[in-house]
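S.K.: Okay, structure incoming, though there's no sequence with it:
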C-alpha cells in the first residue's frame, strides 16, 4: 500500500508541535515538523521525532493485563478488564464508601485532550474527594496560591511583545514549559533569539548555567532554594529607587506598604549574600527589569520544588504587579484560549479566587492539608492509602502517571501501591508503577486517536486551534482513555457530567461530542474547529476575528490586588530571620530536565535510551577532584531519608556544592550494579512528612541536602 501523509500534531508533551506523519498499512512510518504551520514553522524536538518507535515498538502493551490469583499477569480482552475494574470498584465503594477510591492524572494523561475531564467527571460521579494530578507534585503554588492576590482580567504581557524577560529556574529550551507571559514552548530557542534581535533583554536566575542562561544578558547563579532572597532584593531596589509604576499601584494595588516593609531588610548586599550572587548584578537586573515597558517574570518548576514555593511565587507576582506587566484596554487579550471557558477580558483586577482553605473544600486526614482547586495534594496520597480508618483509600486509578517514580518518599509510595486492594494503571508500557498494578489497561497512543490543542493553548498568543483525526490504526485491543472512564462509570451505574451537561450513557459517545460537552462556553467549539480543519486538509486555524479585545474596566466590579493577603509579607520576614542549615550535608541536589525524557515518559524508546542511558550526577569538576572521584565513576548520594546511586559527570555550568540530576527519571529499582543502564530516581531521597509546603503540601524535591561519596 502507498504511503500517505497527514497533518496532525505531536502529543509527547504539552507543546503539541505541528507534524507531518507518513502512514503505510495503517502504521506510522515517519514524522517530521510541518514547515507550513504558522506557529511552529517545522519545529519538533527529538522526543517527538520518536513517535514511530513509540507506536510500533514490539514491547508496547496492546492488550490489557489482569493479575491472576498466582500473582502473574494474564492478557485480558479490554471489555473483560473493564468489567473486572467495575466489579472491584463497586465492591469497595459499597463496603467503604466513595472516598475509598482515588484517581490520579499524570503527565501522560494530560497529553490526551479528554482524559482530565473524563477522569474528573468519574471522580465526581463516584463522589470521592480523592482526585489528584501531577500539578501538585511540581508547581502547585503558581496554580493554586497566586489567585488570592487578585488576577488581571486582560491577562499578562505576551513574550512576543516583551522588551525584557526574567526567567527564574526556567529552562524553556529543554523543558518546553513556561507560564503564560514566558517563552512559548514552540521552537523556544528561535523565539528567544528572534526577540533578542528585536531588542529583548533577558535575565536568567538559576543555580546552573542552563541552555537559556547561555542566551542571557544578565545571568544570576542563585543558590538553590534562595530565590526569595534574590527576588526580595530586586523588589527592594525597585521600590527604593521608585522604579515601579506608581500610577498603576495607586489605582489597583493594596498592601504595597506591607510589601515595602518586608523587603526593606533585603538590601542588595544582604539579599545578594544570601542568594549567592553579585550585588551589582542583582541591582542591574532589578533596574533592567523595571525599566522595561513589557515583559514578565516567570518561574519554572525548580524554584517551587526547592522549598519556599508559595513565597517565591508571591514575590514573582509582586514584581509583575508593581511593574504593571498586563494587557491594557484596547489591546488583544493575552492567551485567547480557543477551547477554554471564556470570561470577561477587562482592564481591571478581577475577584479573588479561593483556591484552598475555603469553606466546604475537602480536607485530608494528614498534615492539615486540604483541597487545592478541585484536587487533593499528592503529598497525602501514600498516607491516605496506608493508614486505616474512615476514608482510607483502597482503590487507585492512575491515568498516564507513574506514582512510584514521580511521588516523593518513593519507597513509601511503593508500599502504598502494593497494599491497595485494586490498583488500575493506564499505561502503554510496563512502567515501574504498572509492575505493581492489579490491572494494566492498554490505551491508544496519540496518532491513533482524535484530539484538540486544549493543553498547549495556554501558551498560544493567537487564537490558534487544531482538531486532529486519528491517522494510524490502533493495534490489538486498545481504546481511548475517555472511553475507559465512560465504561467504568457505566459498570458502576453512574452518570458522567461535563460543563455542557450530562454525557450520554446508553452508548459511549464519539470523542467530538465528548469534547464539545467538555469545552462548553469556549471561543470555538471543537466540532466547528474539526469542520474548519477538514476543509484545510487537517491544518491549524487561527481565528483572528474571534480574538478577544481587552475592554474598559467596569467600575461596579473592579477590584484591587492585595499584596498583604495571607500575611505573605510576614512569611518573607520569617524567611529572612531563619536561614536554614543542613548540618552534615555538604551538597544540595537540584532537579533538571532531560532532553531525552519528559518526566518519566520516554524510557522504553530505543533511540532515547541510547541518548541517555542513565541519569548523570552533574557536579563541578573542582568538587569531583576534592572528593577524589573521577568522571564516569559511580557515586553514592545520601539524604536524611535514603540513598541512590549516580554516574559522576563533570560540568563547570553547575556551581560548586551542587549535584544536578533529572527529576522523575529511570526505574525505581535501579541500584549500584545497574545504575548505568537504568538511572536512579531522585524522589527516593525525599519525604512527604518533613520539608513540605504547609499550603500545597509540595515536598522538597530540589535543593535536597545530600552527602556524596565514591560508591
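M.R.: Cool, the structure landed. Since we're looking at a predicted model, the values are computed, not measured.
S.K.: For residue 73, the count of nearby residues, please.
M.R.: 17 (other Cβ atoms under 10 Å). From N, CA and C alone the C-beta is placed, and that goes for glycine too.
S.K.: Contacts only, for it.
M.R.: The neighbourhood of residue 73, defined by Cβ atoms under 8 Å, 6 or more residues apart in numbering, consists of 65-67, 440.
S.K.: Okay, and the beta partners of residue 561?
M.R.: Residues in a beta bridge with residue 561, per DSSP bridges, are residue 253.
S.K.: Tell me how many other residues crowd it.
M.R.: Residue 561 sits with 23 neighbouring residues when counted by other Cβ under 10 Å.
S.K.: One more: the one 4 residues further on?
M.R.: Neighbour count for residue 565, taken as other Cβ under 10 Å: 19.
S.K.: So for it, what's the pLDDT?
M.R.: The predicted structure scores residue 565 at 96 on the pLDDT scale.
S.K.: Of the contacts of residue 73 - the most surrounded one?
M.R.: Neighbours were tallied for each of the contacts of residue 73 (criterion: other Cβ under 10 Å), and the maximum of 28 neighbours falls on residue 440.
S.K.: Run through the bridge partners of that one.
M.R.: Assigned bridge partners for residue 440, using DSSP bridges, are residue 65, residue 425.
S.K.: Model confidence for it, exactly?
M.R.: The per-residue pLDDT reported for residue 440 equals 98.
S.K.: so it makes contact with residue 61?
M.R.: Yes. Using Cβ atoms under 8 Å, residue 440 makes contact with residue 61 at a distance of 6.5 Å.
S.K.: Return the member of the contacts of residue 73 nearest to residue 274.
M.R.: Minimum separation from residue 274 among these (Cβ to Cβ) is found for residue 440, which lies at 48.0 Å.
S.K.: and the closest one, what is it in contact with?
M.R.: Contact analysis of residue 440 by Cβ under 8 Å, 6+ apart lists 61, 64-65, 73, 424-427, 430, 434.
S.K.: longest helix in this protein, by residue count?
M.R.: For the chain, the helix with the greatest residue count under DSSP state H is helix 78-96.
S.K.: So which bits of that one are buried?
M.R.: Neighbour counts over helix 78-96 (16 or more other Cβ atoms under 10 Å) mark 78, 81-86, 88-89, 92-93, 96 as buried.
S.K.: what helix or strand is residue 249 on?
M.R.: Applying DSSP states H and E as the criterion places residue 249 in helix 246-252.
S.K.: How about residue 180?
M.R.: Secondary structure from DSSP H and E places residue 180 outside every helix and strand.
S.K.: May I have the distance across stretch 451-458, first residue to last?
M.R.: This stretch, stretch 451-458, spans 16 Å end to end (Cα to Cα, to the nearest Å).
S.K.: Quick one: mean pLDDT for that stretch?
M.R.: For stretch 451-458, the mean confidence score works out to 95.
S.K.: Same question for stretch 296-307.
M.R.: On average, the pLDDT along stretch 296-307 is 93.
S.K.: Do me a favour and get the end-to-end distance for it?
M.R.: From the first residue to the last, stretch 296-307 extends over 22 Å; the measure is Cα to Cα.
S.K.: now do stretch 620-631
M.R.: Counting by Cα to Cα, you get 10 Å between the two ends of stretch 620-631.
S.K.: Flag every buried residue along that stretch.
M.R.: By neighbour count, and taking 16+ other Cβ under 10 Å as the criterion, the buried residues in stretch 620-631 are 620, 623-624, 627, 629.
S.K.: can you check stretch 480-499 too?
M.R.: By neighbour count with 16+ other Cβ under 10 Å, stretch 480-499 contains the buried residues 480-492, 494, 496, 498.
S.K.: and that stretch, how far apart are its ends?
M.R.: When the termini of stretch 480-499 are compared using Cα to Cα, they are 20 Å apart.
S.K.: cool, stretch 690-701 as well?
M.R.: By Cα to Cα, the extent of stretch 690-701 from end to end equals 11 Å.
S.K.: which residues are in contact with that stretch?
M.R.: The set of residues external to stretch 690-701 that reach it, using Cβ under 8 Å, 6+ apart, is 136-138, 140-141, 144-145, 304-307, 309-310, 356-357, 367-369, 372, 377-380, 408-409, 591, 663, 682-683, 686-688.
S.K.: How is residue 28 assigned, secondary-structure-wise?
M.R.: Per DSSP: H, G, I helix; E, B strand; the rest coil, the local secondary structure of residue 28 is strand.
S.K.: Would you confirm that it contacts residue 21?
M.R.: Yes. Taking Cβ under 8 Å as the contact criterion, residue 28 and residue 21 are neighbours in contact, 6.1 Å apart.
S.K.: what touches both of these two?
M.R.: Taking Cβ under 8 Å, 6+ apart as the contact criterion, the residues that touch both residue 28 and residue 21 are 51, 447, 471-472.
S.K.: Can you flag which of those belong to helices?
M.R.: The helices in this structure, assigned by DSSP H, contain residue 51 from the shared contacts of residue 28 and residue 21.
S.K.: any low-confidence regions in the stretch 501-650 of the chain?
M.R.: Low-confidence segments of the stretch 501-650 of the chain, defined by pLDDT under 70, are located at 580-584.
S.K.: that older thread, dump the shared contacts of residue 28 and residue 21 to CSV, plus pLDDT, distance to residue 518 and neighbour count.
M.R.: Formatted as CSV, the entries for those read as follows, by pLDDT from 0 to 100; distance: Cβ to Cβ, whole Å; neighbours: other Cβ atoms under 10 Å:
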residue, pLDDT, distance to residue 518, neighbour count
51, 94, 25, 24
447, 98, 21, 28
471, 97, 22, 22
472, 97, 24, 25
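S.K.: residues touching the most centrally placed residue in the chain, list them.
M.R.: Closest to where the C-alpha atoms of the chain average out (Cα atoms, centre = their mean) is residue 135, at 5.4 Å. For residue 135, the contacting residues are 143, 375, taking Cβ under 8 Å, 6+ apart as the criterion.
S.K.: how much space between it and residue 376?
M.R.: Counting by Cβ to Cβ, to the nearest Å, the gap between residue 135 and residue 376 amounts to 11 Å.
S.K.: Let me see the mean pLDDT of stretch 58-73.
M.R.: The predicted model assigns stretch 58-73 a mean pLDDT of 97.
S.K.: Quick check: end-to-end length of it?
M.R.: 18 Å.
S.K.: low pLDDT regions in this structure?
M.R.: Scanning the chain for pLDDT under 70 picks out the ranges 580-584.
S.K.: residue boundaries of the helices in the stretch 251-400 of the chain?
M.R.: If you assign secondary structure with DSSP state H, counting those that start in this stretch, the helices in the stretch 251-400 of the chain sit at 256-263, 268-275, 279-291, 301-305, 309-322, 381-386.
S.K.: Looking at those helices, which is nearest to residue 451?
M.R.: Distance to residue 451, taken as Cβ to Cβ, is lowest for helix 301-305 among those, at 24.3 Å.
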